[in-house]
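[1] structure for the following, please:
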Amino acid sequence: MDKRYCDLAFAIPVKQTFTYSAEAATLHAGIGKRCLVSFGRRTMMGYIIGERDTAPSELDPAVIKPIQAVVDQEPLFDSRTIALAQWMADFYLCSIGEALRIMLPSARRLPREARPLVIDEMTDAAPLLSHEQRRAVDAITGAQGAESFYLYGITGSGKTEVFLCAAEALLNTGKSVIYLVPEIALTQQTQKAVRKRFGDSAAMIHSGLSTGVKLKEWMRILNGEARIVVGPRSAVFAPVQNLGLIVIDEEHDSSYKSGETPRYHARQVAMRRCSVAGARLVLGSATPSVEAWYMMAQGRMSRLNLTKRLSGGALPRVRAVSLEHTGSCLTDELKEALRQTAQMGKQSILFLNRRGFAHFYYCHSCGYRLACKHCSIALTYHKDRSIALCHYCGYQTTIPVACPQCGSLEAGFRSFGTEMIAEELQRTFPELRICRADSDTTGTAKKLEETLSRFREGAFDILLGTQMVAKGLNFPGVRLVGVVFADTGLSMPDFRAAERGFSLIVQVAGRSGRFSPDGQVIVQTFRPHDPLIIRATALDVEGFLNSELAIRKITGFPPYNRLIRFTMRAKEKARVEAAVAHLATLVKPLLPADADMLGPAECPINRIAENYRHHLILRGHTMGTLHAAARRAQEQYAQEKDSRVYGEIDVDPVALL
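    Predicted coordinates:
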């Protein structure tokens, strides 16, 4: 046979496949490989998802273009991956090629060097488990079929050890395991624990790896050489053989939701994979997401509790301190606690989810605010570079000497960021060793890991950081945690603002006192009597989640309703307004009686990178009815869309900004 035909999918928003011929030089093309082809006027990468001996009946073989080159020596994916990509295309309203693009490593060719076959090696015995831990492991490993569990445990209660013991038990039965963590910083920490426990049978997949190394790890997994995979959300696609368990650590974290098409959630993909493979799914956190809490209450997920800290520590004493009438960024109470902790030879963590020096420029005379010229966002002052910077598009400008609008000298930057806090700490405690961990100072995964390792080893007295220091990390020497400004983000116009704020406070508080009984947390806030702050300082997770569920039920937001969000953006405001209004006219008659439409309206952040943004939100009790309406409207709109307006679809959005 001197010619075959391959069906290709492309990473474009076109929901169809295209047929190309495999001829003499490309006959080794096959399902699961990538190839280069002529597509219109471009050369594009395509994914081979089907093959046939004869051309489709509706096509003239003479006009079928040939494959130019086959990229891969060995297939990168199999029928299971294609089926998962098709499910994602259907659920997230994208093309199968767009789904495959985010599932697969991006390296163009296999590395020449081959990694030798490794043998599973359990190199470190598991420590003794508490009664609660043993009961949780037994429940997970004794499950039959695709059962789901939630390991709900206070910070420091040994969730990681339960995950590792359950993974070891499944590996011993010949199954494979995927272990997801939300941040690269946690990937490094978990990687060390997994490597120590399971040796070279473990593989790591994360964005800090080069594309060549990532592809090499992918092939080890595909070939069955690596049977436990650790990584952030994209590791949920790892092509493991004989899947037995998926673990999602810190399940509440919003980074499990993709910010690009397809906007998948790793939790939903994991549920799908476990359902198809008959595998177990285990989620875990000290602060469950509202959706997960609801699933537990509905009996759709078995709850396993861990209530005790196991390393000699106790839950810290947490108290709120008012920032009213405070002359600096740090209250006297927090300064004194920092001083006492250092005198005891212990360490402190200060958390502020704002980088930079100060966060908005304001004129007291005329009310002028300095905003990005491309976005509806205030500029952030970075003192070390003497610039005002937009954290959305990168626009920067010099600092005004006087108000650009009225010339008043009663103008300047207000609020504070990590850079300002670091300066005040150095001024107040010149004798202490202070390090800062934010994206300005630790821009790479390697630099962040070096900083955190040095702090863990005792090289610094105070670690000041953004949310990268707030979750999952284990520092034995930490006695004190200070939340510098707890109000950040609580007033944002988003239905998840309270959930995110509460979780961050409780998670960062959990870094304190993990190995000692005298841990303490000081939460600085302008609203110490706010119910959210009161519950956070009481570490009342269940009270907050139940209260939030009641609010969501009244307001009609998830988990009581499902959402699909259309976001449109364009350089011209009138153009995007017309496009979203037209989409609304298409959607409205398609909605069932139990659904409604919110908008169209400007997005809360209505301009980014010179693009005006509007959105339209579909809300209904069941996803099936929303899907049908959204899909039909999407198809109708595609036939007559304005090419200068860019649209996105987000199924089950985690933010509405």
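
[2] how long is stretch 32-46 end to end?
    10 Å (CA to CA, to the nearest Å).

[3] one more: stretch 546-563?
    Using CA to CA, the two ends of stretch 546-563 sit 21 Å apart.

[4] and that stretch, what's buried?
    Neighbour-count burial for stretch 546-563, counted by 16 or more other CB atoms under 10 Å, picks out S547, E548, L549, R552, F557, P558, P559, N561, R562, L563. (C-beta placed from N, C-alpha, C; glycine too.)

[5] ok, stretch 274-281 next?
    Result for stretch 274-281 [16+ other CB under 10 Å]: buried residues C274, A277, A279, R280, L281.

[6] with stretch 214-229 instead?
    Neighbour-count burial for stretch 214-229 [16+ other CB under 10 Å]: 214-222, 225-229.

[7] reformat those residues as a markdown table; add pLDDT.
    What follows is the buried residues of stretch 214-229, written out as a markdown table (pLDDT from 0 to 100):
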| residue | pLDDT |
| --- | --- |
| K214 | 88 |
| L215 | 89 |
| K216 | 91 |
| E217 | 92 |
| W218 | 92 |
| M219 | 92 |
| R220 | 94 |
| I221 | 95 |
| L222 | 94 |
| E225 | 94 |
| A226 | 95 |
| R227 | 96 |
| I228 | 96 |
| V229 | 96 |
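
[8] where does the stretch 551-657 of the chain dip in pLDDT?
    Within the stretch 551-657 of the chain, not a single segment meets pLDDT under 70.

[9] can you give me the strands for it?
    562-570, 595-608, 611-620, 646-651 (DSSP state E, counting those that start in this stretch).

[10] so for C363, which of those strands sits nearest?
    strand 595-608 (21.4 Å; CB to CB).

[11] ok but N305 is inside a strand, no?
    Yes: per DSSP: H, G, I helix; E, B strand; the rest coil, N305 lies within a strand segment.

[12] element containing the closest residue to it other than its chain neighbours?
    Of all residues not flanking N305 in the chain, Y152 sits nearest, at 5.7 Å (CB to CB, 6 or more residues apart in numbering). Using DSSP states H and E, the element containing Y152 is strand 148-153.

[13] which residues sit against that strand?
    With CB atoms under 8 Å, 6 or more residues apart in numbering as the test, strand 148-153 has contacts from 132, 136, 139-140, 143, 159, 162-163, 251, 271, 274, 280-286, 288, 292, 295-296, 300-307.

[14] now what about stretch 137-144, what contacts it?
    Outside stretch 137-144, the residues that reach it (CB under 8 Å, 6+ apart) are L129, F149, V162, C165, A166, A169, L170, L245, R280, V282, S302, L304.

[15] right, and the helix or strand after the strand or helix carrying the third one?
    The one in question is V162. Assessed by DSSP H and E, V162 sits inside helix 159-172. The helix or strand immediately downstream of helix 159-172 is strand 176-180, counting by DSSP H and E.

[16] the stretch 1-150 of the chain: helices as residue ranges?
    Taking DSSP state H, counting those that start in this stretch, the helices of the stretch 1-150 of the chain run over residues 79-91, 96-103, 131-141.

[17] tell me the most buried of those helices?
    Neighbour counts (mean count of other CB atoms under 10 Å) averaged over each of the helices of the stretch 1-150 of the chain peak at helix 96-103, with a mean of 24.

[18] what packs against it?
    Packed against helix 96-103 by the contact rule (3 or more CB pairs under 8 Å, 6 or more residues apart in numbering; DSSP states H and E) you find strand 4-9, strand 42-52, helix 79-91.

[19] what pLDDT does the model give the residue nearest to T17 when sequence neighbours are not counted?
    In space, and not counting its chain neighbours, T17 is closest to D7: 4.5 Å by CB to CB, 6+ apart. If you check D7, the pLDDT there is 96.

[20] can you pull up the bridge partners for D7?
    T19, G50 (DSSP bridges).

[21] contacting residues for it?
    T17, F18, T19, I48, I49, G50, E51, R52.

[22] how about these in JSON lines, adding pLDDT?
    Shown next, in JSON lines, are those (pLDDT from 0 to 100):
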{"residue": "T17", "pLDDT": "95"}
{"residue": "F18", "pLDDT": "96"}
{"residue": "T19", "pLDDT": "96"}
{"residue": "I48", "pLDDT": "97"}
{"residue": "I49", "pLDDT": "97"}
{"residue": "G50", "pLDDT": "96"}
{"residue": "E51", "pLDDT": "94"}
{"residue": "R52", "pLDDT": "92"}
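
[23] for these, pick the one with the most neighbours.
    I48 (26 neighbours; other CB atoms under 10 Å).

[24] report how many residues lie close to the residue nearest to Q347 when sequence neighbours are not counted.
    The spatially closest residue to Q347, leaving aside those adjacent along the chain, is G477, at 4.3 Å (CB to CB, 6+ apart). Around G477 there are 18 other residues, counting by other CB under 10 Å.

[25] ok, G477 touching I349?
    No: using CB atoms under 8 Å, G477 makes no contact with I349, being 10.2 Å away.

[26] surely A166 meets V282?
    Yes: with contacts counted by CB under 8 Å, A166 reaches V282, the gap being 6.6 Å.

[27] any shared contact partners between those two?
    I140, L245, V247.

[28] now do the SS call for the second one.
    It refers to L245. Per three-state DSSP, L245 ends up strand.

[29] my guess is it contacts L283. True?
    No: assessed by CB under 8 Å, L245 is found out of contact with L283, at 11.7 Å.

[30] low pLDDT regions in this structure?
    Using pLDDT under 70, the chain drops low at 1, 107-126, 184-188, 312-313, 354-362, 384, 391, 413-416, 439-444, 470-473.

[31] need the strands for the stretch 351-500 of the chain, in chain order.
    Using DSSP E, counting those that start in this stretch, strands in the stretch 351-500 of the chain cover 360-363, 380-382, 387-389, 396-397, 411-414, 434-437, 462-465, 478-483.

[32] please work out which of the ones you listed is packed deepest.
    For these, where neighbours mean mean count of other CB under 10 Å, the stretch averaging the most is strand 478-483, with a mean of 27.

[33] can you report how many residues neighbour the nearest residue to T173 once chain neighbours are set aside?
    For T173, ignoring the flanking residues on the chain, the nearest one in space by CB to CB, 6+ apart is G244 at 6.9 Å. The tally of other residues near G244 (other CB under 10 Å) stands at 23.

[34] ok, the residue lying closest to H374 once chain neighbours are set aside - contacts?
    Among residues not flanking H374 along the chain, E610 sits closest, at 4.5 Å (CB to CB, 6+ apart). Going by CB under 8 Å, 6+ apart, E610 touches H374, C375, C393, K571.

[35] which of those residues count as buried?
    Looks like the contacts of E610 have H374, C375, C393 buried, using 16+ other CB under 10 Å.

[36] take those residues and lay them out in CSV including distance to Q405.
    Formatted as CSV, the buried ones among the contacts of E610 follow (distance: CB to CB, whole Å):
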residue, distance to Q405
H374, 19
C375, 19
C393, 22
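
[37] between these, which sits nearest V70?
    C393 (39.0 Å).

[38] mind checking which of the strands of the stretch 351-500 of the chain is nearest T585?
    Closest approach to T585 among those is made by strand 360-363 (38.4 Å; CB to CB).

[39] the helices and strands packed on helix 96-103 into TSV, with extra columns for distance to R233?
    Output for those, formatted as TSV (distance: least, CB to CB, whole Å):
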stretch	distance to R233
strand 4-9	22
strand 42-52	21
helix 79-91	13
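
[40] out of the ones you listed, the one nearest A630 is which?
    Across the helices and strands packed on helix 96-103, closest to A630 is helix 79-91 (CB to CB), at 11.1 Å.

[41] what residues are up against R101?
    Contacts of R101 (CB under 8 Å, 6+ apart): A11.
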